[in-house]
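**Student:** here is a sequence with its predicted model. Questions after.
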Amino acid sequence: SQQGEEDPQALSIQEGENATMNCSYKTSINNLQWYRQNSGRGLVHLILIRSNEREKHSGRLRVTLDTSKKSSSLLITASRAADTASYFCATDRGSGAGSYQLTFGKGTKLSVIP
Amino acid sequence: NAGVTQTPKFQVLKTGQSMTLQCAQDMNHNSMYWYRQDPGMGLRLIYYSASEGTTDKGEVPNGYNVSRLNKREFSLRLESAAPSQTSVYFCASSEFGGWNSPLHFGNGTRLTVT
């Protein structure tokens, strides 16, 4: 079953605008990660936020985590055409063997129009 | 630095045929994973290897077997391919358990079973 679910499924914006994607999950986690996938390629890790962190930045990326609401958001500022990709959140299943089982959502497909 | 290398990139099989997907990483990572990606389903974990010498089932292991040949290599075998196994297969590795360190992905094997 899906642990993380992204919203919206698709997003189309103009270059220079900000893009916000959301992720909701169901059970307690250790960390939450965001990945990007360009068409026809493997996933690339963007950022990892730990359960005791509320916000994290990396370049034009800003990730927030609200463990009380079991949700996270990924903000891409000043978007570029090269940001066109699918974005996935990934969560673990807690402790023990579940900690190895990262579960990915279905992704948000972002299109940035030049 | 090659990262995670998957072979082959494309494969077409007939129902009932067998094949092995190869994966190798050169980052000295401890953990390795096999995922499949289907339209509308996101990525689903097939098998993983937490460390050399161990393998465990993920979410969708039926119809597959794996071998952690050494620390670098983790192969996925389809003994009797079925059309339901048509998918894009991704191998990934991480330094530690998936929840604690980023996954590095290969570029995938696109498998069609007719």
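**Tutor:** Here it is on my side, so go on. Residues are numbered from 1 along each chain as shown, chains lettered A, B, ... in the order given.
**Student:** and the next element down the chain from the worst-scoring helix or strand of chain A on mean pLDDT?
**Tutor:** Using mean pLDDT, DSSP states H and E, strand A:4-7 stands out as the lowest-scoring helix or strand of chain A, at a mean of 83. Next helix or strand after strand A:4-7 toward the C-terminus (DSSP states H and E): strand A:10-14.
**Student:** just the buried positions in the helix or strand that that next one is followed by, please.
**Tutor:** Next along the chain after strand A:10-14, taking DSSP H and E as the criterion, comes strand A:19-25. Buried residues in strand A:19-25, defined by neighbour count with 16 or more other Cβ atoms under 10 Å in any protein chain shown: A:19-21, A:23-25. Quick note: C-beta positions are derived from backbone N, CA and C, even for glycine.
**Student:** pretty sure B:F105 sits against B:S94.
**Tutor:** No: using Cβ atoms under 8 Å, B:F105 makes no contact with B:S94, being 10.2 Å away.
**Student:** mutual contacts of the two, please.
**Tutor:** Listed as contacting both B:F105 and B:S94 by Cβ atoms under 8 Å, 6 or more residues apart in numbering or on different chains is no residue at all.
**Student:** the most centrally placed residue in chain B: what's it in contact with?
**Tutor:** Per Cα atoms, centre = their mean, the C-alpha nearest to the average position across chain B is that of B:W34, at 2.7 Å. With contact set as Cβ under 8 Å, 6+ apart, B:W34 has these partners: B:21, B:23, B:45-48, B:58, B:64, B:66, B:74, B:76, B:89-92.
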